[in-house]
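*Asks:* What would the 3D arrangement of this be:
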Amino acid sequence: MAKVSVFDMTGNQVSETELSDAVFGITPNEAVMHAMVVNYLANQRQGTQSTLTRTEVRGGGRKPWRQKGTGHARQGSIRAPQWYHGGVALGPKPRDYRLSINKKVRRLAMKSALSTKVLDNNIIVLDSLTMDTFKTKTIVAMLKALNVDGKALIVTAEADQKVIKSAANIPGIKTAAVNTLNVYDILNYDKFIVVKSAVGMLEEVYA
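*Replies:* Numbers count the residues shown, from 1 in each chain. Sure, this is the predicted structure:
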């Protein structure tokens, strides 16, 4: 089991904890992580884009000129795709972009992403993260004390509105609870700051 230091909000090391090899110590599977990132991004798409075809554009009910004898190419409607204000040929229509990935692959991808953070020494374990009021300065001071410079993901055991709203307007910082954690966010943020209680929940769920 890998041992990591546990820090308080002032940046002082208060203890050490062991991380489960079954969750934080596997050999990362890049193909599976890539599949989960593609899955996540695809599922974020609304799929509401829509263009009008020649049957949906207003007008064009009358044949613009007779079939033969005018010297023009034959035309059946002024709303055909080649006409100005005509319908769109092969344009996008509403569709569902969602992809499905089986449970075993999702679990492997999550464990691979968590193990990547440990291998790269980009995981920071907090003893606790409690706030009395909504205060952005508190989160900024904590990040500075932990020498976090850049993008960071703060993971708590449960959604804490004081933490979420205090960190909401800090550029490059995102908060997540264990039940909303996803592979894309873990890989997208440089530092993985996780509360010790959340580590226990992750090990319980994914071990």
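*Asks:* alpha carbons only for contacts and neighbour counts from here, please
*Replies:* Noted.
*Asks:* Which parts of this protein are helices?
*Replies:* Under the criterion DSSP state H, the chain contains helices at 21-24, 30-44, 103-119, 136-145, 161-167, 183-188, 196-206.
*Asks:* okay, the shortest one in CSV with CA atoms only?
*Replies:* Okay, so that is helix 21-24. The C-alpha trace of helix 21-24 is given here as CSV (Å, rounded to 0.1, in the frame of the first residue of the first chain):
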residue,chain,number,x,y,z
ASP,A,21,-3.6,-0.7,-3.9
ALA,A,22,-6.8,-2.1,-5.4
VAL,A,23,-8.0,1.5,-6.0
PHE,A,24,-5.0,3.8,-6.0
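*Asks:* Mind listing what's buried along it?
*Replies:* Across helix 21-24, burial judged by 16 or more other C-alpha atoms under 10 Å covers 23-24.
*Asks:* Contacts for it, please.
*Replies:* With contacts defined as C-alpha atoms under 8 Å, 6 or more residues apart in numbering, helix 21-24 is touched by 1-2, 111-112, 114-116, 118, 202-203, 206-207.
*Asks:* ok so, going back, dump the helices of the chain into TSV; add mean pLDDT as well.
*Replies:* TSV is the format used below for those (pLDDT from 0 to 100):
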stretch	mean pLDDT
helix 21-24	92
helix 30-44	96
helix 103-119	95
helix 136-145	93
helix 161-167	93
helix 183-188	95
helix 196-206	92
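*Asks:* between those, which gets nearest to V88?
*Replies:* Comparing the helices of the chain against V88 with C-alpha to C-alpha, the closest turns out to be helix 30-44 (24.7 Å).
*Asks:* So what's the gap between that closest one and the chain middle?
*Replies:* Offset of helix 30-44 from its chain centre (C-alpha atoms, centre = their mean, to the nearest Å): 9 Å.
*Asks:* what packs against it?
*Replies:* If contacts are counted by 3 or more C-alpha pairs under 8 Å, 6 or more residues apart in numbering; DSSP states H and E, helix 30-44 sits against helix 103-119, helix 183-188.
*Asks:* buried subset of the contacts of helix 21-24?
*Replies:* 111-112, 114-116, 118, 202-203.
*Asks:* Next, format these as a markdown table and append distance to S50.
*Replies:* Converted to a markdown table, the buried ones among the contacts of helix 21-24 look like this (distance: C-alpha to C-alpha, whole Å):
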| residue | distance to S50 |
| --- | --- |
| K111 | 38 |
| S112 | 38 |
| L114 | 39 |
| S115 | 41 |
| T116 | 40 |
| V118 | 44 |
| L202 | 41 |
| E203 | 44 |
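*Asks:* Quick one: residues contacting T156.
*Replies:* 129, 175-178, 194-195, 197-198.
*Asks:* ok, what's across the strand from it?
*Replies:* Each beta-bridge partner of T156 is listed here, defined by DSSP bridges: A177.
*Asks:* how far does stretch 6-15 stretch from start to finish?
*Replies:* End-to-end distance of stretch 6-15 (C-alpha to C-alpha, to the nearest Å): 5 Å.
*Asks:* For it, could you pull out the residues that count as buried?
*Replies:* 6-9, 11.
*Asks:* Let me have the helices of the chain in CSV, extended by distance to A152.
*Replies:* Shown next, in CSV, are the helices of the chain (distance: least, C-alpha to C-alpha, whole Å):
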stretch, distance to A152
helix 21-24, 18
helix 30-44, 18
helix 103-119, 12
helix 136-145, 9
helix 161-167, 11
helix 183-188, 9
helix 196-206, 16
